[in-house]
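[1] Prediction below, plus the sequence it came from.
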Amino acid sequence: MTFYNTINEQPSELAASIAKAKSQEEKIMKCIYYYESKYTNLCFSPSMVLNMTNLKCPLTSIRRAMTNLSNEGKLIKTNNKIKGIYGKQEHLWSLPKKPETFNQSTLNLWNKNSREAW
C-alpha cells in the first residue's frame, strides 16, 4: 500500500494522496539507481534520501516510502545505522543483490581433452 489513509480522506482527495505517495517512491528509486550506477554497494538512510532527492515532504514520508519499497522487495533494510538529520540513529537501506547467473559457456563443466564431465 502506497498511502495509508489514517485520516479518512474522501475518494477525491485520496486519489491525489495515493498518486503523490507513489511519485515519491518512484523518485526515491530513481535516485538510488542513479547513485548505485556510479558507486556500487551503497547504502542510504532516509535522511540521505531526503537530501539527495530534494523532495519537499516530511522525513516520515521518506521512511514510509522506503518501508513500502522494502516490503515490495525493491529495497533491503540493513541492520547498519547512522546518525540522521535529527541526531537519531537511522537504518541504512540498499538495493537487493542481483542473483548470480550462469550459462553453458561460463560453467566449463567439460574436460577439454576427454570431453567427459568432471
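    Happy to help now that I have it.

[2] Please, where are all the strands along this protein?
    Read by DSSP state E, the chain holds these strands, from start to end of the chain: 76-83, 89-94.

[3] Could you say which of those strands is packed most deeply?
    Among the strands of the chain, ranked by average contacts under mean count of other C-beta atoms under 10 Å, first place goes to strand 89-94 (a mean of 18). Just so you know, the C-beta spots here come from the backbone N, C-alpha and C atoms, and that holds for glycine as well.

[4] Which secondary structure elements does that strand sit against?
    Using 3 or more C-beta pairs under 8 Å, 6 or more residues apart in numbering; DSSP states H and E as the contact criterion, the neighbours of strand 89-94 among helices and strands are helix 46-53, strand 76-83.

[5] Turn the strands of the chain into JSON lines, including mean pLDDT and distance to residue 53.
    Compiled in JSON lines, those are given as follows (pLDDT from 0 to 100; distance: least, C-beta to C-beta, whole Å):
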{"stretch": "strand 76-83", "mean pLDDT": "96", "distance to residue 53": "18"}
{"stretch": "strand 89-94", "mean pLDDT": "96", "distance to residue 53": "13"}
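
[6] just to revisit the earlier point, now distance to residue 24 too, for the helices and strands packed on strand 89-94, in CSV please.
    Compiled in CSV, the helices and strands packed on strand 89-94 are given as follows (distance: least, C-beta to C-beta, whole Å):
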stretch, distance to residue 24
helix 46-53, 8
strand 76-83, 17
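
[7] For residue 32, which of those is the nearest?
    Each of the helices and strands packed on strand 89-94 has some distance to residue 32 by C-beta to C-beta; the shortest is helix 46-53, at 7.3 Å.

[8] Right, I'll leave it there.
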